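Enquirer: Kindly return the folded structure for what I paste below:
(4 chains)
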2 protein chains.
Amino acid sequence: MSKTSQQNTTAEANGISVIHTQAHASGLQQVPQLVPVSPGGGGKAVPPSKQSKKNSSVDRNSDEYRQRRERNNMAVKKSRLKSKQKAQDTLQRVNQLKEENERLEDKIKLLTKELSVLKDLFLEHAHNLADNVQSVSTENTTTNPENTG
Amino acid sequence: MSKTSQQNTTAEANGISVIHTQAHASGLQQVPQLVPVSPGGGGKAVPPSKQSKKNSSVDRNSDEYRQRRERNNMAVKKSRLKSKQKAQDTLQRVNQLKEENERLEDKIKLLTKELSVLKDLFLEHAHNLADNVQSVSTENTTTNPENTG
DNA sequence: TTGAATTGCGCAATCG
DNA sequence: ACGATTGCGCAATTCA
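Expert: Down below sits the predicted model:
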């Protein structure tokens, strides 16, 4: 149950902010400065807004950039929280279903037993019934007033 | 797991938020030199543990570093794959349990109906039985409303 | 102590 | 343009 840290990335309320500047030098292609935002050469992927040459990529110093990033970070957090919650719910659902199934199986067991008893009784009395019915149909006296062995 | 992992370090006490300003590969060139891990501008900002005999920097050029990173990246991938798999299995389990649940309910319905039928039969024949028994017992008993004779 | 496994997090691409 | 997802890498921490 990880207890997430209560990082408040609000750029205002807090006073100091330790900036962890890490250069990500991943195994990607080497780009001197600018980064093509729209790969695949979509040709017209850039809206007719701005296409500053020095801004054909993402300006990390831009205020807007930082804002965008922060928003996204929040969205990511939210999404992951949601995802986690869902997973947890699913696990809970499993337990719930397991319990219910157990309950149902018990009920089945009970019903089966009941049925068995009733059937036995039925068979048992079937003899008597047969006898009785036969006697009655022949207008004869019965032969076993009481016999429940 | 589920250990209240908390990175409450010195900074947090004052409400400082640590912002990882990563310069992703997609934007920067490879860092040619040492990059301080936590250059809060001062150098001694947030020591996660304690003790930093070495410089508070990590040599990203080091072969060992890269190897370490790569290994960890693989481990992360593996772990996440596993996690995903597990989640998927859990979902599958839910469906499986739901199916079984339905099956059990059907069975219960069936058994209940069977039981009902049997009980009805029993009641029905109970009258005959009662009649027969009654007739027979009249030879010995005297509990008759209007058959005193 | 070491290495793998987890976990939290940020970035960027992509989706809706 | 914008939030939601998702793949991926980094670093800290936990496990074994």
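
Enquirer: where does chain A dip in pLDDT?
Expert: A:1-57, A:128-149 (pLDDT under 70).

Enquirer: Can you name the residue of it nearest to DNA strand D?
Expert: residue A:79 (3.0 Å; CB to the nearest atom of the strand). Backbone N, C-alpha and C define where each C-beta goes, glycine included.

Enquirer: Say whether DNA strand C is contacted by the host helix or strand of that residue.
Expert: According to DSSP states H and E, residue A:79 maps onto helix A:63-137. Yes - using CB under 7 Å from any atom of the strand, we find that helix A:63-137 touches DNA strand C at A:69, A:70, A:72, A:73, A:76, A:77.

Enquirer: Tell me if stretch A:76-84 is near chain B.
Expert: No - counting by CB under 8 Å from any CB of the partner chain, no contacts exist between stretch A:76-84 and chain B, the nearest distance being 9.1 Å.

Enquirer: how about that stretch: buried residues?
Expert: Using 16 or more other CB atoms under 10 Å in any protein chain shown as the test for burial, stretch A:76-84 gives no buried residues.

Enquirer: Can I get that stretch in CSV? Just the C-alpha atoms.
Expert: Taking Å, rounded to 0.1, in the frame of the first residue of the first chain, the C-alpha atoms of stretch A:76-84 are listed here in CSV:
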residue,chain,number,x,y,z
VAL,A,76,-0.4,11.2,-14.5
LYS,A,77,-0.6,11.0,-10.8
LYS,A,78,-4.3,11.0,-10.9
SER,A,79,-4.5,8.4,-13.6
ARG,A,80,-2.2,6.1,-11.8
LEU,A,81,-4.0,6.5,-8.6
LYS,A,82,-7.2,5.6,-10.4
SER,A,83,-5.6,2.6,-12.0
LYS,A,84,-4.3,1.4,-8.6
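
Enquirer: before we move on, back to that, summarise which helices and strands the helix holding residue A:79 is packed against.
Expert: Under the contact criterion of 3 or more CB pairs under 8 Å, 6 or more residues apart in numbering or on different chains; DSSP states H and E, helix A:63-137 touches helix B:63-137.

Enquirer: Count the residues that sit near residue A:107.
Expert: Applying other CB atoms under 10 Å in any protein chain shown, we find 16 residues neighbouring residue A:107.

Enquirer: what sits against it?
Expert: Residues counted as contacts of residue A:107 (CB atoms under 8 Å, 6 or more residues apart in numbering or on different chains) are residue B:108.

Enquirer: Checking residue A:61 next. Helix, strand or coil?
Expert: coil (DSSP: H, G, I helix; E, B strand; the rest coil).

Enquirer: which ones are touching it?
Expert: Under the criterion of CB under 8 Å, 6+ apart, residue A:61 has no neighbours.
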